[in-house]
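K.L.:
when you get a sec, could you give me coordinates for this:
(2 chains)
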Amino acid sequence: MTKKNVISENGIRRNPPQKKGLLQRYAAAPHIVWSVLFIIAPLIFVAYYSFTDADGVFTLANISAFFTEKYLIIFFRSVKLALIATAICLLLGYPIAYFISRSKPKTQKVLILLLMLPMWMNFLIRTYAIMVLVQDTGIINSFLGKFGIGPIHILGTEGAVIIGMVYDYLPFMILPIYSVMSKLDNRLIEAASDLGCNGFGVLRKVIFPLSLSGVISGVTMVLVPSISTFYISQKLGGVDTLLIGDVIEQQYTASNYNMTASLSLILMLILLVGLAIVNHYSDGDGGGMMP
Amino acid sequence: MKKLSSVYIALILVFLFAPIAVLIFFSFNAGSSTSTFSGFSLRWYLELFRNGEILDALKNSLILAVASSAIATLLGTAAAFGIHHMKNKHLKNGVMTATNIPMMNPEIITGISLMFLFVFVGGLLGLQTKLNFWTMLIAHITFNLPYVILNVLPKFKQMDKSLPEAALDLGCTPMQSFFKVQLPAILPGVLTGMIMAFTMSLDDFVISYFTSGVDFQTLPVLIYSMTKKSVKPTIYALSSIIFVVILALLLLSNREKSSDERLEAKRLKAEKKRREAIIKAQKSGKAPKQPKREAVYEAKAPRRSRSYLNKIVAVCCAFAVIVSLCVMLGVYSKNTITLNVYNWGEYISDGSEGSLDVNKAFEAYCANELGMKVKVNYVTYTSNEDLYAKLSTDAVSYDVIIPSDYMIARLASEGLLAEIDFDNIPNYEECISEDFRGLYYDPEDKYSVPYTYGMIGIIYNANVVSEEDIGDWDLMWNEKYKGDIVQFNNARDAFGTAFYKLGLDVNSTDVADWERGLAELKTQKPYLDKYVMDEIFNMMESGEAAVGAYYAGDYLTMLDNQAENVDLQLYYPDNTNLFIDAMCIPASTQNKSLAEEYINFMLSEEVAIANAEYICYASPHSVVYNSETYKEDMGEEAIEILYPKNFNFHEAYNSNCYKDLDADTKKLLNELWENLKISN
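P.N.:
Below you'll find the model as predicted:
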């Protein structure tokens, strides 16, 4: 569009472009102000508390405390469990996203609604219900018992925590992958098979690369809450499943705000750097959250 | 392949819905357990509708979700519009990065960082209450915004660029071009964004936990505060109802859509017929009847239905905003006085099972006797430390709190408690006997009125544990029951068990004592199944665990719910903790005389009995423990457990209670507790 006002043939004067520019220029302004006030500023406070002690004097003690054996063990345990849970979510979620995206549009809609339905139930209560499900006398073990198996001791182990994470966050893996796959051009797949690709080849060379952006947002959306959870490990975990989220929460209830802040800061930086690297190499702008 | 995929999808759905099936199943439990089923009943559904606390929390959650998702949708859609048209690449990238932060950042960090901000800014402004409804609303809008923006932005990208330009060329103002052309194109994204924001807000626990204040408690925060007592099936009943309602709504919207589609198909068919008729008529040489109007109708029909949809959505949004604004104003209506009461979860008679709803009764009492319109705002916490964290940052202002003894000592020494004017509490003189006065935490009886007390006992399953192993604390360290023992999941109580076992002073300031305690707990760790709080109810009732220490009153609850093959018993070790929870008034109270009125009300006979029967802990109220009705209601066995014979409370309490530890010891305890948790 030209910048000058133009009188069109029938004599109607066009609206002056700078007025349109005004609306477009300032539409994001409230959001920018909001982001600065409530996203950026709070993080500055986290940084401030990380580098000061209870009296407000500058110190590095809170930061260096993280790099002691105690916290490193907990941190790596959190990373390990979160990675396992994310991998399981991906293995379970990827095929289901694929299957759903290949079914009839109407079935697709119903299945996606069904996948989202558990998210409407309270997260704490769902986790609580898993506890009832997996305990030694729970439903799963009574069922297995009928076949003479078990009881398998699950509650209180790392396995139970992983089950909890997979259960709570699986929909977050499926939805973004599905969202990308449902937009996939069917003709590409047909072309690939016409050109001699076998089923696995199509998956490896066509479908997977095209759905990568969905996979990355799925992985992010499962990994981040898993790594920082404290409720799941509290309810389903046992004597050896303290996670970094638990420690942060404990420091908060012990009113040790400086340590709370420093642990938060380090966890955040590690996650943000890690995710930035992944995003950089995937050069996608992330799949949409939703169909 | 097709079959395989259906089976696979079915299996995943079973996995996702199994826990939900479990909770629906147990919502019909006749007993109060969530792990052993003792018969079908609808009692929890009836109770749900009598339970003001849960319904209030549900209402709060809905208000917050509607308000935050509506505001986030407005802000976010405008932002997406602006971002889409942004020319400056750096600015655009910067804004997108900031937008993504709440999604990339763990919730716990978002929550904590906002809490820091609110407390700091509130301090600068000198606010009495630094965390309240508004801070929670801001927090929820903040984490909802990215969901809206990330759903709307792609729709702008997909939209044909020439569309808005065409609209402008055809004489639309920019506003008209936005509302008539662009908005319909992005509407699906806006709606999904809004629905996601609503869902996230409704289900959010972590961020709410850190930013919630005194005046506004949402359902997830309420549920989390039930950590000392067990989660009741009432919550399951509520979840089941929510589940059924959502399911029905989804099915209905699906059916409506498909019936719309059917109508559309019918219309098209009719149109086609008409057109054929016209063509036929034309062919036969007769002039068609007003063919032009038909054509116009054809072109307009789809647009009309779309603008109809727009109107519905617009009306819904407007309605949501208006309702939420009204309610927000309602929260702050000035005619009623709000009394903020902060208590442990499930620590007051709440009207369930035909009992007295104490807070409602107090409101009625104020209205009838005092001619005052009072609203009791009852909020619950998880632990003394949780209470302290909220009080010490000055984040909130309460009128009545009910902390435990050692916390009262700490609060009083830090000047956080107000002196109670006992002239306003006439019931105190006759109800609270000498036994419960002048205790260490309040030697001059200035700050507190005892509410309930209890002891820690060892609970065991007699079908698993053999008689000869019983006795003192050794049972908790018995290798024979490896994997069947549960220990407290809080530092003070866990170290307490070790100290009593070793015969140490639980209030020792000697580092060596604490190291010994840690060593003792480390030897116990291999035998443990789990560190527990409220999970102990489930685990003992179902037989998952066989030995565990807990508050004696809660044993009575477990006893009611034990599974068939479980036989729970309790005994008191020679030395064990006694605790008192007492009512206090924080120094920051806004309504001191009303708070005293409330405390006095809590001491009146009927109310005190109702509370004692509900909580199941021992009552320091002389009228209660001498009351025949109370003894009858509780049963002989319960009375024997709660009030052991030949027992001098004053003496036992003074030698075994927890006192407030000094700052260094507290820090040490914290560190040792962490060490224990990560040791192998």
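K.L.:
can we go C-alpha only for contacts and neighbour counts from here?
P.N.:
OK.
K.L.:
excluding covalently adjacent residues, which one is nearest to A:Met221?
P.N.:
What sits nearest to A:Met221 in space, not counting adjacent residues and going by C-alpha to C-alpha, 6 or more residues apart in numbering or on different chains, is A:Phe172, at 6.0 Å.
K.L.:
please name the nearest non-neighbouring residue to the residue of the stretch 1-150 of chain A found nearest chain B.
P.N.:
In the stretch 1-150 of chain A, the residue that lies nearest chain B is A:Ala28 (3.9 Å; C-alpha to the nearest C-alpha). Using C-alpha to C-alpha, 6+ apart and skipping the chain neighbours, the partner closest in space to A:Ala28 is B:Ala79 (3.9 Å).
K.L.:
tell me which element that neighbour is part of?
P.N.:
If you go by DSSP states H and E, B:Ala79 is part of helix B:52-84.
K.L.:
quick check: mean pLDDT across that helix?
P.N.:
Here helix B:52-84 scores 89 as its mean pLDDT.
K.L.:
who are the packing partners of it?
P.N.:
Counting contacts by 3 or more C-alpha pairs under 8 Å, 6 or more residues apart in numbering or on different chains; DSSP states H and E, helix B:52-84 packs against helix A:17-26, helix A:29-35, helix B:43-50, helix B:133-158, helix B:183-203, helix B:219-224, helix B:291-331.
K.L.:
the residue nearest to A:Ala28 contacts B:Ile149, correct?
P.N.:
Yes - the pair B:Ala79 / B:Ile149 is scored as a contact, 7.0 Å apart, by C-alpha atoms under 8 Å.
K.L.:
hang on, B:Pro443 in a strand?
P.N.:
No - the assignment for B:Pro443 (DSSP: H, G, I helix; E, B strand; the rest coil) gives coil, which keeps it out of a strand.
K.L.:
how many neighbouring residues does it have?
P.N.:
11 (other C-alpha atoms under 10 Å in any protein chain shown).
K.L.:
how far away is it from chain A?
P.N.:
26 Å (C-alpha to the nearest C-alpha, to the nearest Å).
K.L.:
skipping adjacent residues, who's closest to that residue in space?
P.N.:
In space, B:Pro443 is closest to B:Arg437, 7.6 Å off (C-alpha to C-alpha, 6+ apart).
K.L.:
who's in contact with B:Pro573?
P.N.:
B:457-458, B:471-473 (C-alpha atoms under 8 Å, 6 or more residues apart in numbering or on different chains).
K.L.:
what bits of the stretch 1-150 of chain A have low per-residue confidence?
P.N.:
Residues of the stretch 1-150 of chain A meeting the criterion pLDDT under 70: A:1-22, A:150.
K.L.:
ok, which stretches of it are helices?
P.N.:
If DSSP state H, counting those that start in this stretch is used as the criterion, the helices of the stretch 1-150 of chain A fall at A:17-26, A:29-35, A:41-50, A:61-66, A:69-102, A:105-116, A:123-134, A:139-146.
K.L.:
A:Gly199 is nearest to which of these?
P.N.:
helix A:69-102 (13.3 Å; C-alpha to C-alpha).
K.L.:
next, the angle helix A:105-116 makes with that closest one.
P.N.:
160 degrees (axes from the mean of the first three to the mean of the last three C-alpha atoms, to 10 degrees).
K.L.:
helix A:69-102 - contacts with which helices or strands?
P.N.:
helix A:105-116, helix A:158-181, helix A:208-228, helix A:244-253, helix B:2-27, helix B:663-678.
K.L.:
got those helices as CSV, with distance to B:Pro220 and mean neighbour count columns?
P.N.:
Output for those, formatted as CSV (distance: least, C-alpha to C-alpha, whole Å; neighbours: other C-alpha atoms under 10 Å in any protein chain shown):
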stretch, distance to B:Pro220, mean neighbour count
helix A:105-116, 19, 15
helix A:158-181, 15, 24
helix A:208-228, 17, 23
helix A:244-253, 16, 22
helix B:2-27, 16, 17
helix B:663-678, 26, 17
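K.L.:
turn these into TSV, including distance to B:Asn427.
P.N.:
Below are the helices and strands packed on helix A:69-102 laid out as TSV (distance: least, C-alpha to C-alpha, whole Å):
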stretch	distance to B:Asn427
helix A:105-116	54
helix A:158-181	50
helix A:208-228	49
helix A:244-253	35
helix B:2-27	40
helix B:663-678	37
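K.L.:
closest one to B:Val121 among those helices?
P.N.:
helix A:244-253 (19.1 Å).
K.L.:
which element is encountered next along the chain beyond that closest one?
P.N.:
Immediately after helix A:244-253, counting by DSSP H and E, sits helix A:257-282.
K.L.:
tilt between that next one and helix A:41-50?
P.N.:
Going by the same axes, to 10 degrees, helix A:257-282 makes 130 degrees with helix A:41-50.
K.L.:
is any residue of helix A:257-282 near chain B?
P.N.:
Yes - on the criterion C-alpha under 8 Å from any C-alpha of the partner chain, helix A:257-282 is in touch with chain B at A:261, A:264-265, A:268, A:271-272.
K.L.:
filter the residues you listed down to the buried ones.
P.N.:
Neighbour counting with 16 or more other C-alpha atoms under 10 Å in any protein chain shown marks A:261, A:264-265, A:268, A:271-272 as buried within these.
K.L.:
any chance of these in CSV with distance to B:Ser392 and pLDDT as columns?
P.N.:
CSV is the format used below for those (distance: C-alpha to C-alpha, whole Å; pLDDT from 0 to 100):
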residue, distance to B:Ser392, pLDDT
A:Ala261, 17, 94
A:Ser264, 21, 94
A:Leu265, 23, 94
A:Met268, 26, 92
A:Leu271, 31, 90
A:Leu272, 32, 85
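K.L.:
which residues of the stretch 451-600 of chain B lie near chain A?
P.N.:
So the stretch 451-600 of chain B meets chain A at B:525, B:528-532, B:535, B:538, B:542-544 (C-alpha under 8 Å from any C-alpha).
K.L.:
and the residues you listed, which of them are in helices?
P.N.:
In helices, defined here by DSSP state H, the members of these are B:535, B:538, B:542.
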